[in-house]
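# need coordinates for the following:
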Amino acid sequence: MTQEIRTIRLWLPMHISRVNCYLIKTDSDFILIDTGSSNQRGELEQELEAAGCRPGNLRVIVITHGDFDHTGNAAYLRQKFGTPIAMHKGDLGMADHGDMFWNRKSGNVIIRKLAPIFMKFPQADWFTPDVLVEDGLRLSDYGCEGRVLSIPGHSLGSIGILTDDGSLFCGDLLDNTDKPRFNTIMDDPTTARASADRLKELAVKMVYPGHGAPFALEMIK
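Alright, predicted model coming up:
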């Protein structure tokens with residue numbers, strides 16, 4: 001089975017940064033990993049349409065973690081495409097009542113103060129996922145040859161998707177906005193390091209982060 005990766009880069013509010021969504025095309029269908037924030041909904045829809053994604057061939061929307069810039073269009077796309085949303089229960093409260101600090105050990109004081117301005121997640125976009133995934137879950141039922149990996153650290157419910165050909169979609173555990181590194185916002189740095197160490201034991205050929213360009217995993221020290 002061939003799997004093609006299309007990267008969709010969307011601006012965050014006020015153009016403070018960009019976030020990546022990944023559309024994986026299999027032989028006949030698609031899966032979408034993350035959805036960006038709602039301020040770029042039109043741009044996301046245009047990208048999906050250009051790729052040939054439409055109701056009936058978008059099999060699942062996988063959310064790597066509950067932050068607003070990854071979940072912002074999930075509820076809307078579920079309604080438009082009739083597609084189930086899958087995520088880990090560890091971040092459930094972030095999605096179903098819009099609390100970006102739910103189930104997190106601590107919150108950076110500055111981030112908490114800026115959250116009402118930059119991390120808006122309107123109630124209309126809250127959702128309860130249709131599928132709660134666990135570590136090791138195969139995605140074959142959705143047409144994707146890959147599996148879910150639990151990679152907590154950025155948040156308790158952070159997950160990655162590792163395809164059988166070695167592509168890793170890691171959410172915000174790692175990023176590459178200027179160089180490959182751990183995300184600067186981390187709920188539990190020790191756990192994040194353990195997650196990265198686990199990844200280094202797997203057959204990862206290329207990392208596709210939530211922010212920034214793809215990179216080889218060995219670039220993370």
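
# please make it C-alpha for all contacts and neighbour counts, starting now.
Fine.

# what about the closest residue in space to Leu174 that isn't next to it in sequence, how many residues nearby?
In space, and not counting its chain neighbours, Leu174 is closest to Phe182: 4.3 Å by CA to CA, 6 or more residues apart in numbering. Close neighbours of Phe182, defined as other CA atoms under 10 Å, add up to 20.

# surely Phe182 meets Gly171?
No. Here Phe182 lies out of contact with Gly171, judged by CA atoms under 8 Å, at a distance of 11.0 Å.

# so what sits against both of those two?
Contact with both Phe182 and Gly171 is made by no residue, according to CA atoms under 8 Å, 6 or more residues apart in numbering.

# OK, contacts around Met87?
Contacts for Met87 (CA under 8 Å, 6+ apart) come out as Val62, Ile63, Thr64, His65, Pro129, Val131, Leu132, Val133, Gly157, Ile159.

# wait, the last one sits on Thr64?
Going back to what we said before, that points to Ile159. Yes. If you go by CA under 8 Å, Ile159 and Thr64 touch, sitting 5.0 Å apart.

# overlap in contacts of those two?
Common neighbours of Ile159 and Thr64 (CA under 8 Å, 6+ apart) are Met87, His88, Cys170, Gly171.

# for the protein, name the helix or strand with the lowest mean pLDDT.
helix 109-118 (a mean of 60; mean pLDDT, DSSP states H and E).

# tell me the first helix or strand C-terminal of that one.
Using DSSP states H and E, the next helix or strand after helix 109-118 towards the C-terminus is strand 131-132.

# follow-up on the earlier one: want to throw the contacts of Met87 into JSON lines with neighbour count?
Below are the contacts of Met87 laid out as JSON lines (neighbours: other CA atoms under 10 Å):
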{"residue": "Val62", "neighbour count": "27"}
{"residue": "Ile63", "neighbour count": "29"}
{"residue": "Thr64", "neighbour count": "31"}
{"residue": "His65", "neighbour count": "31"}
{"residue": "Pro129", "neighbour count": "22"}
{"residue": "Val131", "neighbour count": "15"}
{"residue": "Leu132", "neighbour count": "13"}
{"residue": "Val133", "neighbour count": "22"}
{"residue": "Gly157", "neighbour count": "24"}
{"residue": "Ile159", "neighbour count": "31"}
